[in-house]
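Asks: here is a sequence with its predicted model. Questions after.
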Amino acid sequence: MIQLHDKYFKRFLSEKEILLAVQRVADQVAADYKDKTPIFVGVLNGSFMFVSDFLKAYPHPCEVSFVKLSSYQGLTSTGIVETLLDLPDNIEGRSVIILEDIIDTGRTLKELVHLFSNTNVKEFKIASLFYKAEVYNGEYAIDYFGLEIPDRFIVGYGLDYKELGRNFREVYQLNQKHMINLVLFGKPGAGKGTQAQFLKEQYNLQHISTGDVFRYNIKNGTDLGTLAKSYIDKGDLVPDEVTIKMLEDEVAKNQEADGFIFDGFPRTVAQAEALDNFLESKDMKINATIALEANDEVLIQRLLERGKVSGRTDDQDKDKIRNRFDEYNSKTAPLKTYYEEQGKFHSVNGIGTIAEITERLTKVIEGL
Ligand code: AMP
C-alpha cells in the first residue's frame, strides 16, 4: 500500500504485466506498419513512459513526436482546442499513430481527433496502453490497445494522482477500503437532503440526490429532464433504467470522492440490486443504509411548508404527496428487508431538531 497526498493505493499491475501489454501494442502496430515509417505522437504528460518502452519494442523505421493539450482539456470560446505543445509540422501525407497511456471516457481522444481533422495526414490511428472499455463512450473505435482494464482510478507508469506517482514502475489502483458509502432512506420529507448537507461536510462525502439531479435536468431542459418531468409531476417514480443509468454517471463523474451519500436512491429493489452490482464492479460497497423515521402527518406538514418556499409543485398538492407515499410503501419500503438481510439497515428517529437528528446519524456512522 502506498500513499499519495490524502489517498491510499494498492498494487494493480506488475512491471512485467505492463511490459507485456506494451509489447502487445507494439506487435500489433508493427504488423500493420512495417514499411510505412509512421510518426508516433505521444500525448503528454501521462504517456511518456509508455512511449519510451513502446519505441524500444518497435522494430521498424519510425519517428516520434509529442503533443500536450491544455490542462483544461476543453474547447475554448473560439472552438479551437488549446494545445500547449502543438502538432509536429512534418505530418502532411504521413501515417500518424497517437500513443496514449489510457483511454477512459474518451474526452481527450475526442479533442485529439478534432485536432488532427484539420491536417492532411494520410492515416490517423490510436494506440493506447490501457483501455477502459466499460466507460468509453466516444464514437471513434480504438485501433490498438494493450490491456483492457476495469474502471478503477490508477496511478504509476506515467499516470498521476495530483502529479504524484508518475515515476512508479508498477501501476496502482485507488484503495476503496477507506470509503464510506451511505444510503439515506426515508419517505419524502423525512429530512434526507437536510441531513446529507451536514454529513457530507463532516465526512467529506459526495452527496448524490437523484431528485436534485432530475430537477437540475428539468430546469436545463435536457432530454432526461423532459422524460423525468411527466413522472415527477404526478409523484410517480421515474423508470428504473433511466434512474440507474443516471446514478451510475454521477458516481463515475466523482471517481476521487472519499465516499458517497445516496439520497433518494435506491427506491426500488431493482435499483438496490443494480447499485450493489455497480459498486462491486468498482471495488466499492454500501457500508450502511440509515432510515429517518417520521409519521405521515408530520411529513405532510413539512412537505407543504417546503412547497411554499421551494416552489416544488410535487410538494404543494396533498394528492401528489399521498401518491408519493403510496409509491414509497409499495416499491421502496421492501428495501428495508433487502438491507436487513445484508446486516446494513439502521433506523433513526427523524423527529426532533436538525442538530439532534444529525447527532443520531453520526452515532450510527461512528459505530460502523
Ligand atoms: P425527491 O427529491 O427525492 O423527493 O424526488 C422527487 C421525484 O424524483 C420523485 O417523486 C420521483 O418522481 C423522482 N425520483 C427521485 N429519485 C428517484 C429514484 N431513485 N427512482 C425513481 N424516481 C426517482
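Replies: Ah, there it is.

Asks: residue in this protein nearest to the ligand?
Replies: Gly211 (2.0 Å; C-beta to the nearest ligand atom). C-betas here are computed from N, CA, C, even on glycine.

Asks: show me what contacts that residue?
Replies: 193, 263-264 (C-beta atoms under 8 Å, 6 or more residues apart in numbering).

Asks: hey, C-alpha coordinates of the one helix or strand it maps to in CSV?
Replies: Following DSSP states H and E, one finds Gly211 within helix 210-219. Extracted in CSV, the C-alpha atoms of helix 210-219 (Å, rounded to 0.1, in the frame of the first residue of the first chain):
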residue,chain,number,x,y,z
THR,A,210,-31.4,11.7,-7.6
GLY,A,211,-34.3,14.1,-7.1
ASP,A,212,-31.9,17.1,-7.3
VAL,A,213,-30.3,15.7,-10.5
PHE,A,214,-33.7,15.3,-12.1
ARG,A,215,-34.7,18.8,-11.1
TYR,A,216,-31.5,20.2,-12.5
ASN,A,217,-32.2,18.4,-15.8
ILE,A,218,-35.7,19.7,-15.9
LYS,A,219,-34.5,23.2,-15.3
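
Asks: can you give me the buried ones in that helix?
Replies: 210-211, 213-215, 217-218 (16 or more other C-beta atoms under 10 Å).

Asks: Ala270 contacts Thr243, correct?
Replies: No - assessed by C-beta atoms under 8 Å, Ala270 is found out of contact with Thr243, at 9.6 Å.

Asks: these two: which has the busier surroundings?
Replies: Thr243 (25 against 15; other C-beta atoms under 10 Å).

Asks: the more buried one and Gln271 touch, don't they?
Replies: Yes - Thr243 lies in contact with Gln271 (C-beta under 8 Å); the separation is 6.4 Å.

Asks: what touches both of these two?
Replies: Phe265.

Asks: in a strand, Phe124, correct?
Replies: Yes - Phe124: assigned to a strand according to DSSP: H, G, I helix; E, B strand; the rest coil.

Asks: and it, what are its bridge partners?
Replies: Beta-bridge partners recorded for Phe124 (DSSP bridges): Val96.

Asks: which residues does it contact?
Replies: Neighbour list for Phe124: 96, 98, 113, 116 [criterion: C-beta under 8 Å, 6+ apart].

Asks: let me have those residues in CSV, adding secondary structure, pLDDT and neighbour count as columns.
Replies: Formatted as CSV, those follow (DSSP: H, G, I helix; E, B strand; the rest coil; pLDDT from 0 to 100; neighbours: other C-beta atoms under 10 Å):
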residue, secondary structure, pLDDT, neighbour count
Val96, strand, 96, 21
Ile98, strand, 96, 25
Val113, helix, 90, 17
Phe116, helix, 88, 17
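
Asks: in the residues you listed, find the pair that's most separated.
Replies: Val96 and Val113 (11.4 Å; C-beta to C-beta).

Asks: my read: Phe214 touches Thr226, true?
Replies: No - here Phe214 does not reach Thr226: they are 10.8 Å apart, not a contact under C-beta under 8 Å.

Asks: moving C-terminal of the host helix or strand of Ile244, what's the next helix or strand?
Replies: In this assignment (DSSP H and E), Ile244 forms part of helix 240-253. Using DSSP H and E, the helix or strand that follows helix 240-253 in sequence is strand 259-263.

Asks: direction included, what does that following strand pair against?
Replies: Partners of strand 259-263 in the sheet, by DSSP bridges, are strand 180-185 (parallel), strand 206-209 (parallel).

Asks: ok, and what's touching it?
Replies: 179-184, 192-193, 196, 199-200, 203-212, 247, 251, 254, 275, 286-287.

Asks: let me see the contact set for the residue sitting nearest the centre point of the chain.
Replies: Centroid check for the chain by C-alpha atoms, centre = their mean gives Ala252 as the closest residue, at 0.8 Å. Residues near Ala252 by C-beta under 8 Å, 6+ apart: 105, 135, 151.

Asks: inside helices: which ones of these?
Replies: When DSSP state H is applied, the contacts of Ala252 are split such that none fall in helices.

Asks: and the helices in the stretch 51-200 of the chain, which stretches?
Replies: Per DSSP state H, counting those that start in this stretch, the stretch 51-200 of the chain has helices spanning 107-117, 192-203. These are given in chain order.

Asks: just the buried residues of the first one, please?
Replies: To tie it back to what came earlier, the one meant is helix 107-117. For helix 107-117, the neighbour count (16+ other C-beta under 10 Å) marks 108-113, 115-116 as buried.

Asks: got TSV for the residues you listed, with distance to Glu92 too?
Replies: Formatted as TSV, those follow (distance: C-beta to C-beta, whole Å):
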residue	distance to Glu92
Thr108	24
Leu109	22
Lys110	23
Glu111	21
Leu112	17
Val113	18
Leu115	15
Phe116	12
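
Asks: follow-up on the earlier one: could you dump the buried residues of helix 210-219 to CSV with pLDDT?
Replies: Shown next, in CSV, are the buried residues of helix 210-219 (pLDDT from 0 to 100):
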residue, pLDDT
Thr210, 97
Gly211, 97
Val213, 96
Phe214, 97
Arg215, 96
Asn217, 95
Ile218, 95
